[in-house]
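Peer 1: A predicted structure for the sequence below; I have some questions about it.
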Amino acid sequence: MTNAKHFNMAAVPTRIIRGGSSKGIYLWRDDLPAAGAERDALVLKVFGSPDRRQIDGLGGADKLTSKVAIMGPPTRPDCDIDYLFGQVNTELPRVDWRANCGNLSAGAALYGALTGAGRVEGDRMLVNVHQANTGRVLRTIVPMVDGFPAVDGDFSIGGVPGTGARIDVDFGDFAGSALGASVLPTGNALDRIEVPGIGALDVSVVDMANFLIFVRAADIGMDTAASIFDMQADTALVARLEAVRKAVSAHVGFITGSNADEELRVSTNPLIFAVAPPRDYGATNGGQVTADSHDLFSRSLARFEFSKAYPGSGAAGTSVAAGIPGTLVHEAAGDIGQARGIFDLRVGHPGGVLSVSAQVSAGPGGVQVQKALIGRTGRLLMDGMAYIRR
C-alpha cells in the first residue's frame with residue numbers, strides 16, 4: 001500500500017468506474033494488504049463505512065455505488081486480468097466477498113482495456129476476465145478508439161442517462177458458480193417451500209452468476225403498479241421477501257444458524273426476484289415502459305433493499321431461468337424462442353428495459369448454458385488517489 005506522508009494521510013491509487021448501472025471503486029491488488037482483516041479495514045475506510053451516508057469516504061450511500069473491485073495480474077493462464085468483487089456494507093463493518101456484480105464486470109472489462117491487457121481485433125479488444133470470487137471466466141468485448149476504450153456510442157441501458165459504447169459481457173461459464181453445483185441447486189425447476197409467516201410458497205432457485213430466487217409477484221403480495229420507491233417503503237413487503245431469502249438459504253444450506261439474520265444483511269447472495277408477465281408501468285426516469293416492450297416484469301431485492309435498476313448477474317441468471325421449462329421465469333415470460341437456440345429476453349425493471357441473449361439446453365447431464373450475454377456501457381470517472389486516515 002502506498003503510504004503517502006503528505007497531507008498527514010495514507011493514499012491508495014484508485015479508479016472510479018461506472019460499470020453498467022452500478023459504480024465501483026477499483027483498486028490494484030499489489031497496492032493493498034493481503035486478503036484479510038487489514039485489507040477489509042482499508043476498504044471500509046476508502047468507502048467511509050460503516051455509515052449509511054458514507055460521508056467520510058468515497059461510497060455513494062447506495063448499494064449500487066458501495067462496491068469495490070480489486071484488480072490484478074491474471075492468476076488463470078487463459079485470462080488477461082483478475083477481478084475480485086466486494087459488496088461494502090453501509091451499516092456494518094463488513095465486506096461481502098462471496099458474490100459477483102455483473103454490472104461491475106463490465107467495469108472490470110473496461111479496466112482491462114484501459115491497461116491494454118486484452119487482445120486487439122480491429123476496433124475492439126477481447127478481454128478474458130478471471131472473476132476471482134467464483135474462479136470463472138467472463139468473456140468480454142470492449143470497443144476501442146485510438147488505442148483506448150470507446151466512450152461515445154448509441155447504446156443505452158435502463159438506469160443510466162444518455163448513451164455510450166456497448167461492452168459485451170458473456171456469463172456463459174457461470175453455471176453453478178455460486179454454490180458450486182448445478183444450475184438448479186435443488187434439482188427442480190420449481191419447489192414449494194414453507195416460509196415462516198407466509199406458508200407454502202412456489203419458488204425457483206437458480207445458480208447462475210449468483211444465487212438467485214424467483215417468486216411470483218402476486219404470491220408475495222406485490223403491487224406491480226407501485227414505484228420502486230413505494231415498494232421500498234412497504235416494510236411488510238420487504239419483510240416477506242427477506243423471509244423467503246432466509247427460508248431458501250436455509251433450505252439449500254447456504255446461510256443457517258443463529259447468526260443468519262446478520263449474515264443475510266451482509267451477503268449479496270441470495271438475490272430474490274419477484275416476476276410477473278409484462279405490464280405498463282412508470283420508470284424511475286419519468287418515462288413509461290409499455291407491456292409490448294418487454295417479455296418479463298421483474299423487481300430485485302437483496303439485504304432489505306430493492307435495486308433501482310437490475311443486477312447484471314441477475315440478468316444473466318434470469319435469462320437462463322427463462323430457458324428452463326417449469327421455472328417461474330419461463331412461466332411469466334412464455335415462449336420467446338428458447339427452443340430454437342439463442343434467444344433474447346427483455347426484462348422490464350425499474351430503470352427501463354434490459355435485453356439479454358442466452359442459449360440453454362437440457363440433457364442427461366442436466367441444464368447446460370452455452371451463452372448468457374448482456375450489453376452494458378461503462379466509463380472511467382476518476383483516476384487518482386484515495387486519501388484515508390492512517
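Peer 2: That came through, no problem.
Peer 1: touching, residue 96 and residue 266? I think so.
Peer 2: Yes: contact criterion C-beta atoms under 8 Å: residue 96 and residue 266 qualify, at 5.3 Å. From N, CA and C alone the C-beta is placed, and that goes for glycine too.
Peer 1: got phi/psi on the residue nearest to residue 293 when sequence neighbours are not counted?
Peer 2: Distances taken as C-beta to C-beta, 6 or more residues apart in numbering put residue 353 closest to residue 293, at 5.5 Å, once the chain neighbours are dropped. Note on residue 353: backbone dihedrals following degrees, to the nearest 10 are phi -130, psi 130.
Peer 1: buried residues in the helix or strand in which residue 39 is found?
Peer 2: Following DSSP states H and E, one finds residue 39 within helix 37-47. Neighbour-count burial for helix 37-47, counted by 16 or more other C-beta atoms under 10 Å, picks out 39, 40, 42, 43, 44, 45, 46, 47.
Peer 1: am I right that the second one is in contact with residue 95?
Peer 2: Looking back up the chat, that one is residue 40. Yes: under the criterion of C-beta under 8 Å, residue 40 makes contact with residue 95 at 5.0 Å.
Peer 1: for the closest residue to residue 72 other than its chain neighbours, list the residues it contacts.
Peer 2: Closest residue to residue 72 apart from its sequence neighbours, by C-beta to C-beta, 6+ apart: residue 29 at 3.3 Å. The contact partners of residue 29, taken as C-beta atoms under 8 Å, 6 or more residues apart in numbering, are 70, 71, 72, 73, 82, 84.
Peer 1: pull out the buried members of these.
Peer 2: For those, buried by 16+ other C-beta under 10 Å: 70, 71, 72, 82, 84.
Peer 1: the strand or helix carrying the fourth one to helix 37-47, inter-axis angle?
Peer 2: Per DSSP H and E: residue 82 is located in strand 81-88. Put simply, strand 81-88 runs at 70 degrees to helix 37-47, going by axes from the mean of the first three to the mean of the last three C-alpha atoms, to 10 degrees.
Peer 1: now strand 81-88: mean pLDDT?
Peer 2: In this model, strand 81-88 has an average pLDDT of 98.
Peer 1: then stretch 148-158?
Peer 2: Stretch 148-158 comes out at a mean pLDDT of 96.
Peer 1: re the thing from before, anything in contact with each of residue 96 and residue 266?
Peer 2: The contact sets of residue 96 and residue 266 overlap at residue 89 (C-beta under 8 Å, 6+ apart).
Peer 1: picking that back up, quick check: next helix or strand after the strand holding residue 82?
Peer 2: Downstream of strand 81-88 (by DSSP H and E), the next one is strand 95-96.
Peer 1: so what strands line up beside that following strand?
Peer 2: Next to strand 95-96 in the sheet, as set by DSSP bridges, lie strand 81-88 (antiparallel).
Peer 1: what about the strand it pairs with, distance to the chain center?
Peer 2: 12 Å (C-alpha atoms, centre = their mean, to the nearest Å).
Peer 1: could I get the phi/psi values of the residue nearest to residue 72?
Peer 2: phi -50, psi -40.
Peer 1: quickly list the domain ranges of this structure.
Peer 2: Here the domain assignment for the chain is 6-175+378-388, 191-375, based on automatic domain parsing.
Peer 1: ok so, going back, out of the buried ones among the contacts of residue 29, flag the one nearest to residue 147.
Peer 2: Set against residue 147, the nearest of those by C-beta to C-beta is residue 71 (19.6 Å).
Peer 1: wasn't the closest one part of a strand?
Peer 2: Yes: assessed by DSSP: H, G, I helix; E, B strand; the rest coil, residue 71 belongs to a strand.
Peer 1: that one contacts residue 26, doesn't it?
Peer 2: Yes: counting by C-beta under 8 Å, residue 71 touches residue 26, with 5.8 Å between them.
Peer 1: quick one: common contacting residues for the two?
Peer 2: 108, 111.
Peer 1: pLDDT weak spots in the protein?
Peer 2: Flagging of the chain using pLDDT under 70 yields the residue ranges 1-5.
Peer 1: same thing but 80
Peer 2: Within the chain, the segments meeting pLDDT under 80 span 1-6, 363-365.
Peer 1: helices of that one, residue ranges please.
Peer 2: 37-47, 102-114, 228-233, 235-251, 260-266, 312-322, 328-333 (DSSP state H).
Peer 1: highest average neighbour count across those helices?
Peer 2: Across the helices of the chain, averaging neighbours per residue (mean count of other C-beta atoms under 10 Å) puts helix 312-322 on top, at a mean of 31.
Peer 1: tilt between it and helix 102-114?
Peer 2: With the same axes, to 10 degrees applied, the angle from helix 312-322 to helix 102-114 works out at 120 degrees.
Peer 1: list the buried ones in stretch 83-92?
Peer 2: By neighbour count with 16+ other C-beta under 10 Å, stretch 83-92 contains the buried residues 83, 84, 85, 86, 87, 88, 89, 90.
Peer 1: swap in stretch 202-212?
Peer 2: Here stretch 202-212 shows 203, 204, 205, 206, 207, 208, 209, 210, 211, 212 as buried, counting by 16+ other C-beta under 10 Å.
Peer 1: the residues you listed: which two are farthest apart?
Peer 2: Most distant of the buried residues of stretch 202-212, by C-beta to C-beta, are 203 and 209, 18.1 Å apart.
Peer 1: return the residues in contact with residue 204.
Peer 2: Shown in contact with residue 204 (C-beta under 8 Å, 6+ apart): 189, 190, 191, 213, 214, 321, 326, 327, 328, 329.
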